[in-house]
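**Q** I would like the atomic coordinates for the input below:
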Amino acid sequence: MVLSKVFDSLGVQSKARNAFIMGAFYAIIGIIIAFLFFPQNTGIVAVFFTSMAMMPPINKLIEQLVLMEGREKEIIEGKIKLTEFKVKGIKFSFRGLWDDHKHLILSYLFSFFGIFFVFSAFTLMLPSELEMMGTAEKYQGIIQLHYFNDKGEKVLLTSDKMFAEQVQVIKMITGQKATGSATQIGGTLNEEEEQNKSQFIKIIQNNLGVLIITLLISVIFGFGAIFIIGWNASVWGIAFAQRALEWMPIAEASPLRYFIFIMIAVLPHTIAEAMAYLTAAISGAIASQGLTKEKIFDDRFFHLTNQALIILIVSILILLLAAFLEVYALKYFVSIANIVVPMQR
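**A** Numbering: from 1, shown residues only. Alright, predicted model coming up:
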């Protein structure tokens with residue numbers, strides 16, 4: 001693929017942070033192509049094209065990781081740095097686990113946020129059908145685009161129409177959370193604790209389901225979990241941007257300013273949950289490579305499957321941390337918002 005060669009030349013294989021540019025660029029191209037050829041289903045088709053474009057470079061990283069898995073060890077003698085390569089796996093260590101996988105994990109994470117911010121940017125720039133809090137006014141957007149529907153009518157393109165599939169998912173999620181959190185204001189301390197525990201369990205159940213799907217898709221298709229990761233990045237990006245638009249009239253601030261405030265508040269939880277899904281995808285990819293490229297029951301097969309299992313356990317632990325941050329950090333964010341919003345008036 002031509003574009004993947006371009007990003008190879010930019011150093012994506014050697015510098016994980018360049019994956020942010022790759023994810024953002026592919027997301028922009030994916031959205032434009034989806035809008036031009038599939039205007040009625042731009043949201044999901046854009047994620048499909050973005051994921052498809054990212055598969056070659058990510059697949060190359062995964063194959064390189066599996067090839068070197070447990071075989072590579074850095075040796076530093078004075079100012080000389082050498083790499084030792086063994087045919088069989090070397091002794092396991094958690095430091096070695098991170099050193100072996102950090103480049104792929106960071107590449108996934110940076111590309112995730114590249115996609116995330118592109119979908120957020122489009123949501124903030126386009127008009128929205130969302131009624132802003134405290135007013136019946138709808139967001140007019142920075143740019144206005146039109147398309148022709150099936151009847152040949154010229155229709156204003158809003159972010160809700162462009163990303164209809166993601167918006168539908170967001171409405172389902174926020175509807176559930178609103179129901180669960182409406183009674184959290186007030187009440188006794190014990191009642192509040194019970195509500196937090198209930199919300200924590202629900203979040204774990206939902207996120208664990210996503211993690212298992214990501215793992216299974218990654219095992220079956222090797223790197224097919226990129227689509228799930230891209231989909232989550234698009235949903236989160238749109239959701240946070242919509243929340244910024246919703247609160248904008250109350251804070252009397254620009255949507256970008258409020259979006260930055262939201263990102264600062266939820267960044268720890270966002271990174272943790274993204275890391276959980278990314279490590280699950282890597283676990284599945286390693287297991288897939290072990291099943292397809294190694295002889296069953298030989299040393300390399302057991303080494304790769306053990307690595308995949310350990311990474312999966314780490315992924316679940318990160319998921320628990322993400323759920324904890326979502327329950328308790330969200331409450332802290334709401335309390336801060338109650339202070340900051342009046343100050344903005």
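**Q** switch to C-alpha atoms for all contacts and neighbour counts from now on
**A** Will do.
**Q** do a quick rundown of the helices in this structure.
**A** For the chain, the helices defined by DSSP state H occupy 2-9, 18-37, 42-68, 94-125, 159-162, 164-181, 189-221, 225-251, 255-293, 299-344.
**Q** what's the fourth one packed up against?
**A** Using 3 or more Cα pairs under 8 Å, 6 or more residues apart in numbering; DSSP states H and E as the contact criterion, the secondary-structure elements in contact with helix 94-125 are helix 18-37, helix 42-68, helix 225-251, helix 255-293.
**Q** excluding its backbone neighbours, what's nearest residue 113?
**A** Setting aside the residues directly before and after it, residue 113 is nearest to residue 20 in space (Cα to Cα, 6 or more residues apart in numbering), at 6.5 Å.
**Q** you'd agree the one you found is up against residue 111?
**A** Yes - using Cα atoms under 8 Å, residue 20 is in contact with residue 111, at 4.4 Å.
**Q** which of the two has more neighbours?
**A** residue 111 (27 against 23; other Cα atoms under 10 Å).
**Q** pretty sure the more buried one contacts residue 27?
**A** No - using Cα under 8 Å, residue 111 is not in contact with residue 27, being 9.6 Å away.
**Q** give me phi/psi at residue 153?
**A** phi -90, psi 140 (degrees, to the nearest 10).
**Q** neighbours of it, just the number please.
**A** 10.
**Q** contacts only, for the spatially most central residue of the chain.
**A** Centroid check for the chain by Cα atoms, centre = their mean gives residue 233 as the closest residue, at 3.7 Å. Listed by Cα atoms under 8 Å, 6 or more residues apart in numbering, the contact set of residue 233 reads 112-113, 115-116.
**Q** same thing but 6 Å
**A** 112, 116 (Cα atoms under 6 Å, 6 or more residues apart in numbering).
**Q** per-residue pLDDT, it?
**A** With respect to pLDDT, residue 233 scores 95.
**Q** so how far is residue 47 from it?
**A** Noted for residue 233: a distance of 9 Å to residue 47, by Cα to Cα, to the nearest Å.
**Q** what's the answer for residue 248, then?
**A** Relative to residue 47, residue 248 is positioned 28 Å away (Cα to Cα).
**Q** just give me the neighbour total for the closest residue to residue 315 other than its chain neighbours.
**A** Among residues not flanking residue 315 along the chain, residue 276 sits closest, at 4.6 Å (Cα to Cα, 6+ apart). The local packing of residue 276 (other Cα under 10 Å) involves 26 other residues.
**Q** likewise the one 10 residues further on?
**A** Using other Cα under 10 Å, residue 286 is surrounded by 27 other residues.
**Q** do residue 62 as well
**A** Neighbour number of residue 62 under other Cα under 10 Å is 20.
**Q** now do the one 4 residues further on
**A** Counted with other Cα under 10 Å, the neighbours of residue 66 add up to 20.
**Q** and what of residue 145?
**A** The number of residues near residue 145, taken as other Cα under 10 Å, comes to 10.
**Q** that one bridge partners, please.
**A** residue 157 (DSSP bridges).
**Q** roughly how far apart are it and residue 262?
**A** 27 Å.
**Q** equivalent analysis for residue 98, please.
**A** 30 Å.
**Q** neighbour-wise, which of the two wins?
**A** residue 262 (17 against 12).
**Q** tell me the predicted confidence for the more buried one.
**A** 82.
**Q** cool, the one 3 residues further on as well?
**A** Each residue has a pLDDT score; the one for residue 265 is 80.
**Q** that one: neighbour count?
**A** 18.
**Q** cool, the one 4 residues further on as well?
**A** Residue 269 is flanked by 21 other residues according to other Cα under 10 Å.
**Q** again, but for residue 172
**A** The burial count for residue 172: 11, using other Cα under 10 Å.
**Q** quick one: it and residue 210, what's the gap?
**A** 15 Å.
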